[in-house]
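A.B. asks: sequence below, structure please.
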Amino acid sequence: MNNMSLLEKKEHYSMLFDFYGSLLTEKQQDYFSDYYFNDLSLMEISTYYNVSRNAVFDQIKKTLKILDDYEEKLHLCELYIKRNNLYDEYNDTCKELITKLKELE
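C.D. replies: The predicted structure is shown next:
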C-alpha cells in the first residue's frame, strides 16, 4: 500500500468498501464515507461527530486495516478484477459467447 499514489489508494479502498462496507460498524461506514466519498477533512468529520480529530484518524486507519483483512481472507475484489479482465481480454474474440454468459448472470 505504501507505494500507491493517493488516487490509487482511494480507488483501492473504495472498491474494498463496495465489497465489504456492509460488514463494518455504522461509525466506520460513516467516517469512511465522509472521508473518501464526501472529501471531508478529518477536522470536519471530528467537528460533525463531536469527537477528536485523532479519534477519526484512528477509526479510519482501523477501517482500512479491516478492509484489507477481509480482502486477504475472502479475495472478492481480486476475483472480480480477474473476471473482468478475462471478459475484456476475450471480448473481441468471443464477443457472442461473452454476451450470452452475461445474459445468464
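A.B. asks: next, the buried residues of the strand or helix carrying residue 67.
C.D. replies: If you go by DSSP states H and E, residue 67 is part of helix 53-74. By neighbour count on 16 or more other C-beta atoms under 10 Å, the buried set for helix 53-74 is 56, 59, 60, 63, 64, 66, 67, 70, 71. Using the backbone N, CA and C atoms, a C-beta is placed for each residue, glycine as well.
A.B. asks: of the residues you listed, closest to residue 8?
C.D. replies: Nearest to residue 8 out of the buried residues of helix 53-74 is residue 64 (C-beta to C-beta; 13.6 Å).
A.B. asks: so who does that closest one touch?
C.D. replies: residue 13 (C-beta atoms under 8 Å, 6 or more residues apart in numbering).
A.B. asks: and the next helix or strand past the helix holding residue 67?
C.D. replies: Next along from helix 53-74, by DSSP H and E: helix 76-91.
A.B. asks: mean confidence for the helix holding residue 67?
C.D. replies: The average pLDDT within helix 53-74 is 98.
A.B. asks: let me know the closest of the buried residues of helix 53-74 to residue 78.
C.D. replies: Looking across the buried residues of helix 53-74 and measuring by C-beta to C-beta, the closest to residue 78 is residue 71, at 6.9 Å.
A.B. asks: I'd assumed residue 15 was in contact with the closest one.
C.D. replies: No. Residue 71 is not in contact with residue 15 according to C-beta atoms under 8 Å; the separation is 9.0 Å.
A.B. asks: got any residues that touch both of the two?
C.D. replies: Counting by C-beta under 8 Å, 6+ apart, the residues touching both residue 71 and residue 15 are residue 77.
A.B. asks: can you give me the distance of residue 7 to residue 75?
C.D. replies: Residue 7 is 23 Å from residue 75, where distance means C-beta to C-beta, to the nearest Å.
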